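Asks: following is a predicted model, sequence given first.
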Amino acid sequence: MTIHPRGFDFLKDVDVRLSVELGRVDMKLKDVLSLGEESVVVLDRLTDELLDVMVNGKAIAKGEIVAQGNRFGLRIVELAGASAPAPALGGE
């Protein structure tokens, strides 16, 4: 049985959830319930560490936050399983 790559083109239109994880922390429920508007939660990631980029909960890349106008954006720096960082696109 031979499967041609074009046979999976229809999958390109499937919706997936892309999420970026800034960091994590384990907390007791009582501590979560005590959070207020001025609360600060310290995460397990340093400010210079790359962020995890996930599709449907599976890590696919590492990236960094960029400002795109008045919104946040994401620059992919490294793909999962790649031995070298992804090449920069555009003239940045």
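Replies: Great, that's in hand.
Asks: work out for me the element the spatially most central residue of the chain sits within.
Replies: The residue at the geometric middle of the chain, judged as the C-alpha nearest the mean C-alpha position with C-alpha atoms, centre = their mean, is residue 53 (2.1 Å). Assignment of secondary structure by DSSP states H and E places residue 53 within strand 51-55.
Asks: and that strand, what other elements does it pack with?
Replies: With contacts defined as 3 or more C-beta pairs under 8 Å, 6 or more residues apart in numbering; DSSP states H and E, the packing partners of strand 51-55 are strand 18-21, strand 58-68, strand 71-79. From N, CA and C alone the C-beta is placed, and that goes for glycine too.
Asks: what is the mean pLDDT for the first one?
Replies: Right, strand 18-21. Confidence over strand 18-21, taken as the mean pLDDT, stands at 94.
Asks: now do that strand: distance to the chain's middle.
Replies: In terms of C-alpha atoms, centre = their mean, to the nearest Å, the gap separating the centre of strand 18-21 from the centre of its chain is 3 Å.
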